[in-house]
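Undergrad: this one's structure only:
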């Protein structure tokens, strides 16, 4: 009985995880909350394999159920005897007053909880909770900064704005109006940052980009906004004291993008 319950839990976990993976990849773009867009085909293949494996285990267990009949009844009877011996070994008292019988299977069924969560409601993408606890990543060193477009406001990614604010000796941001898009990360005492989480493969390797916002009341945490403003100059270029800041002139609430881990321009272009 113990082995049968254990196999049943394993089969259900396989089916639920496989179905959950297929749900977030085939019927929408929820998978973008966890991995890069290019990994979608691999997730679909993995989901199909998990479902097929789960169904195979289910059919195998049903065929091997007591009373199923067939030419191999003697073999199954021998397997049942072996299983009974295993159960006898598991359901023993270890001499210290602790009966371990049945504990393993009950714990195994708990593995279905995260699988059910993935199937019924997909966890959200990483947001302000993660960003507030991570240090802003330093962008790659640069010396060549092309001239900005002549019209204002200039749409920029947070990566480009950060690089120019910290490294551009010509101070191309000075006196220019720019537009940036990201989500809100409160930092306490009414202060907040415009942030982006960028991934190389999946959410586990995310790195954070932060722009401190001045002169505007903080929207709710994790709200997606587009800010129009000017460079807030502070610190020395090329050093850690060079603040990446923006004096906000206008803050607009927007819908969260389908792929939240891409640092793109405010109009959605890369």
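TA: That came through fine. All figures in this text were calculated on a predicted structure; none of them were measured in a lab.

Undergrad: List the buried residues in the host helix or strand of residue 20.
TA: Residue 20 belongs to helix 2-26 when elements are defined using DSSP states H and E. For helix 2-26, the neighbour count (16 or more other CB atoms under 10 Å) marks 2-4, 7-25 as buried. The C-beta positions use only the backbone N, C-alpha and C, and glycine is treated the same way.

Undergrad: Pull the distance from it to the chain's centre.
TA: 21 Å (CA atoms, centre = their mean, to the nearest Å).

Undergrad: same question for that helix, mean pLDDT?
TA: Averaged over helix 2-26, pLDDT sits at 79.

Undergrad: can you list contacts of the helix or strand just after that helix?
TA: Once the chain leaves helix 2-26, the next helix or strand it forms, by DSSP H and E, is helix 40-63. Here helix 40-63 makes contact (CB atoms under 8 Å, 6 or more residues apart in numbering) with 4, 7-8, 10-12, 14-15, 17-22, 24-26, 31, 35, 68, 70.

Undergrad: and stretch 63-80, what's its mean pLDDT?
TA: Rounded mean pLDDT across stretch 63-80 is 54.

Undergrad: heads up, I number from 29, so please use that
TA: Yep, numbering from 29; the last one is stretch 91-108 now.

Undergrad: ok, and the closest non-adjacent residue to the residue sitting nearest the centre point of the chain?
TA: Central residue of the chain (CA atoms, centre = their mean): residue 62, 3.2 Å from the mean position. Take residue 62 and drop its neighbours on the chain: the residue closest to it by CB to CB, 6 or more residues apart in numbering is residue 231, 5.2 Å away.

Undergrad: between the helix holding residue 48 and helix 68-91, how many degrees?
TA: 150 degrees (axes from the mean of the first three to the mean of the last three CA atoms, to 10 degrees).

Undergrad: And helix 30-54, what does it pack against?
TA: helix 68-91, helix 101-118, helix 131-137, helix 140-148 (3 or more CB pairs under 8 Å, 6 or more residues apart in numbering; DSSP states H and E).
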